[in-house]
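Student: My questions are about this predicted structure, shown below with the sequence.
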Amino acid sequence: MNQPRKKMIVVGGGTAGWMAASAIARMLPHAASVELIESAEIGIVGVGEATLPHLRAYLQTLGLDEAEFMAATHATYKLGIEFRDFGKPGDAYLHPFGDFGRPLNDVPFLHWWLRMHALGQGGEIADYCVANVMAAQKRFSPPAADPDALLSAYSYAYQFDATRFGPFLRGFAEARGVKRTEGKIVSVERDGGTGDVVALVLESGTRIEGDLFVDCSGFRSLLLGDALGEAWEDWSHWLPCDRAMALPCASPSGEIEPLTRATAMPAGWRWRIPLQHRVGNGYVYSSAHLSDDAASAAILGAIEGEPLADPRVLRFKAGRRKRSWSHNVIAVGLASGFLEPLESTSIYLVQIAIQQLVDLFPIGGIQAADRDEFNAQVDYEYDRIRDFLILHYHASTRDDSDFWRDVRHMPIPDSLADKIELFRRAGRIQRYSRGLFFAPSWIAVLIGQGVMPQGWDQRVDTANPHELGQALGRLRVQIASDVATLPGHRVALGLQA
Ligand SMILES: Cc1cc2nc3c(=O)[nH]c(=O)nc-3n(C[C@H](O)[C@H](O)[C@H](O)COP(=O)(O)OP(=O)(O)OC[C@H]3O[C@@H](n4cnc5c(N)ncnc54)[C@H](O)[C@@H]3O)c2cc1C
């Protein structure tokens, strides 16, 4: 279908803006021209260093070279997120990017393990997860290509310097025709009849017209929030953390752990993200429970290396705009919403929005049905992530601070209560065919935080416990010995061991 090219204006040059501009320029060069406006004076949020495995698909789709990306952003590999002290002080578990064991006779592995666990045998469920064992041994290698190999049963993500990803993509995007304009947008013009955005006016007086506007202006939400007044759906009653005190520090000597760590703190939790050249740290807290000064002192006291900057406070609210696509404005990234960084989901949401935009890119005029479909898909992702995040707070037995007592006892969405009940009764997990957080994620967090099922799939009762114990033992030994052949993380990164 021959249609005139749309003029697409991307507002913002943070991770969301450059990811959106690069993707459209690469995938829809005949459908749209792309101009990106960013303001050096305003700058970018500059955090967002831990990702999910899906980012690999983004790089592959665009034809970006992994080694170049990793070198440019000083990236490390990530096999999951380790949660410390969440269930109760002293606890630690990994939410791995990989499965636990393998199904036997079509019954998920969890149930076989539950039966042995009830007999006081079978060890920890983490011992059956390759990603878990690799992370514990600080080793890394990409998954084996042979799907039958034990070392194929995991995935991986990256941890990167957030200030370097946009500039890396900028080179790619500009080489594909994206025009970059530096300047601060001071007003937004709308059509008096349709209400669509027609042009943006910069501080310099330059007026930039467009057909389609992608709002990647960060928490400001310049177009969707400010200009169109799209309503905000507040979720802070479920996710009360509303600030982060970020502080990078020098890397400690020794092996780099291939994981992001989240450690529970008296008024929230603290992240630790090891990169090639430094460690990213931050205390995510509830301002109703902790002052900025106290958060600053706490993060300064918690880091392992010399601070590389002053602690920096970031303010946010958990929630999202009711619709991410309204009129001819599509918000991507923080302009659309933010839950909190606990499971590193924000860049994933950027990616989902871009994918939906590419899939539903207007042919001719914007159709309400396409817009509704886009918004339904974004809602689905946000709702699922929201429930999963709340679980980390709700399924805690911590009683050592007001914050933890409050979050433990807060009301939770019915959708989450149903999921917990399903698991608690017999280890069952709601099935999904798309989106984030499949069974292994729920198993990791629920069991990791002490929610043990009271029963299991009755098909496992037919197994002879002795033989089952032996089979599980062989699997554990095989995983440990296969993983022991892999290189350490530094070697895998091409750094000095
Ligand atoms: C504390 C914290 C921790 C986080 N950790 C993670 C994590 O581990 N993993 C993860 O996936 N995500 C994380 N995120 C989210 C992640 O940082 C963002 O999703 C990501 O950086 C995308 O941001 P953005 O591009 O939407 O906004 P920004 O980076 O804020 O970019 C906004 C852009 O809009 C431009 N702009 C704004 N107003 C104007 C104007 N008037 N005129 C011109 N330009 C303008 C700015 O100059 C900038 O270029 C975290 C966020 C926070 C707050």
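Tutor: Right, received. Where do you want to start?
Student: which helix is the longest one in the protein?
Tutor: What stands out as the longest helix in the chain, according to DSSP state H, is helix 368-394.
Student: Now do the host helix or strand of residue 351, average pLDDT.
Tutor: Residue 351 belongs to helix 346-359 when assigned by DSSP states H and E. Average pLDDT, helix 346-359: 97.
Student: quick one: residue 286 and residue 403 touch, right?
Tutor: Yes. Judged on Cβ atoms under 8 Å, residue 286 makes contact with residue 403 at a distance of 5.7 Å. The C-beta positions use only the backbone N, C-alpha and C, and glycine is treated the same way.
Student: shared neighbours, those two?
Tutor: Shared contacts of residue 286 and residue 403, defined by Cβ atoms under 8 Å, 6 or more residues apart in numbering, comprise 240, 267, 268.
Student: Residue 381 against residue 436, yeah?
Tutor: Yes. The pair residue 381 and residue 436 passes the contact test of Cβ under 8 Å, sitting 6.7 Å apart.
Student: Most neighbours among the shared contacts of residue 286 and residue 403, which one?
Tutor: Ranked by the number of neighbours (other Cβ atoms under 10 Å), the shared contacts of residue 286 and residue 403 place residue 268 first, at 30 neighbours.
Student: which non-adjacent residue is nearest that one?
Tutor: Of all residues beyond its chain neighbours, the one nearest residue 268 is residue 285 (3.7 Å), with distances taken as Cβ to Cβ, 6 or more residues apart in numbering.
Student: Quick check, pLDDT for the one you found.
Tutor: 98.
Student: what's across from it in the sheet?
Tutor: With DSSP bridges as the criterion, residue 285 is bridged to residue 243, residue 268.
Student: residues touching it, list them.
Tutor: Taking Cβ under 8 Å, 6+ apart, we find residue 285 in contact with 241, 243, 244, 245, 265, 267, 268, 295, 403.
Student: and what of residue 465?
Tutor: 115, 116, 119, 121.
Student: could you redo the last one with a cut-off of 10 Å?
Tutor: 115, 116, 118, 119, 121, 122 (Cβ atoms under 10 Å, 6 or more residues apart in numbering).
Student: pLDDT wise, what is residue 1 at?
Tutor: Note on residue 1: pLDDT of 57.
Student: What ranges in the chain fall below the confidence cut-off?
Tutor: Scanning the chain for pLDDT under 70 picks out the ranges 1-2.
Student: what's the residue closest to the geometric middle of it?
Tutor: Nearest residue to the geometric centre of the chain (Cα atoms, centre = their mean): residue 345, 2.0 Å.
Student: Could you find the closest non-adjacent residue to it?
Tutor: Spatially, and ignoring its direct neighbours in sequence, residue 345 is nearest to residue 385 (4.9 Å; Cβ to Cβ, 6+ apart).
Student: The one you found - how many residues pack around it?
Tutor: Per other Cβ under 10 Å, the neighbour tally for residue 385 reads 21.
Student: My understanding was that it contacts residue 339; is that so?
Tutor: Yes. Using Cβ atoms under 10 Å, residue 385 is in contact with residue 339, at 5.8 Å.
Student: Show me whatever sits in contact with both of these two.
Tutor: 345, 346, 349.
Student: so what does the helix or strand where residue 295 lies touch, helix or strand wise?
Tutor: Assigned by DSSP H and E, residue 295 falls within helix 292-302. Secondary-structure packing of helix 292-302 (3 or more Cβ pairs under 10 Å, 6 or more residues apart in numbering; DSSP states H and E): strand 243-246, strand 260-265, strand 268-274, strand 279-285, strand 312-315.
Student: quick one: stretch 222-233 to chain centroid distance?
Tutor: Mean-position distance between stretch 222-233 and its chain equals 24 Å (Cα atoms, centre = their mean, to the nearest Å).
Student: Just the terminal-to-terminal distance for it.
Tutor: Stretch 222-233 has an end-to-end distance of 17 Å (Cα to Cα, to the nearest Å).
Student: Return the nearest residue of the stretch 51-200 of the chain with respect to the ligand.
Tutor: Of all residues in the stretch 51-200 of the chain, the one sitting closest to the ligand is residue 185 (3.7 Å; Cβ to the nearest ligand atom).
Student: helix or strand right after the helix or strand residue 110 falls within?
Tutor: In this assignment (DSSP H and E), residue 110 forms part of helix 109-118. Sequence-wise, the next helix or strand downstream of helix 109-118 (DSSP H and E) is helix 130-137.
Student: anything in the helix or strand following that following helix near the ligand?
Tutor: For helix 130-137, the succeeding helix or strand toward the C-terminus, using DSSP H and E, is strand 157-159. No. If you take Cβ under 6 Å from any ligand atom as the test, strand 157-159 misses the ligand, and the best it gets is 8.2 Å.
Student: for strand 157-159, packing partners?
Tutor: helix 54-62, helix 66-73, strand 76-78, strand 268-274, helix 346-359.
Student: any chance of those in a markdown table, plus distance to the ligand?
Tutor: Conversion of the helices and strands packed on strand 157-159 to a markdown table gives the following (distance: least, Cβ to the nearest ligand atom, whole Å):
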| stretch | distance to the ligand |
| --- | --- |
| helix 54-62 | 9 |
| helix 66-73 | 13 |
| strand 76-78 | 10 |
| strand 268-274 | 7 |
| helix 346-359 | 3 |
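Student: Adding distance to residue 214 as columns, could you present those in CSV?
Tutor: Below are the helices and strands packed on strand 157-159 laid out as CSV (distance: least, Cβ to Cβ, whole Å):
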stretch, distance to residue 214
helix 54-62, 16
helix 66-73, 22
strand 76-78, 28
strand 268-274, 27
helix 346-359, 7
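Student: Residue 198 is nearest to which of these?
Tutor: helix 346-359 (19.8 Å; Cβ to Cβ).
Student: helices and strands around the closest one, which ones?
Tutor: Against helix 346-359 (3+ Cβ pairs under 10 Å, 6+ apart) you get helix 15-27, helix 54-62, strand 157-159, strand 212-215, strand 325-326, strand 329-331, strand 337-338, helix 368-394.
Student: now the angle from it to helix 15-27?
Tutor: Angle of helix 346-359 versus helix 15-27, following axes from the mean of the first three to the mean of the last three Cα atoms, to 10 degrees, is 30 degrees.
Student: between helix 346-359 and helix 54-62, how big is the angle?
Tutor: Interaxial angle of helix 346-359 relative to helix 54-62 (the same axes, to 10 degrees): 40 degrees.
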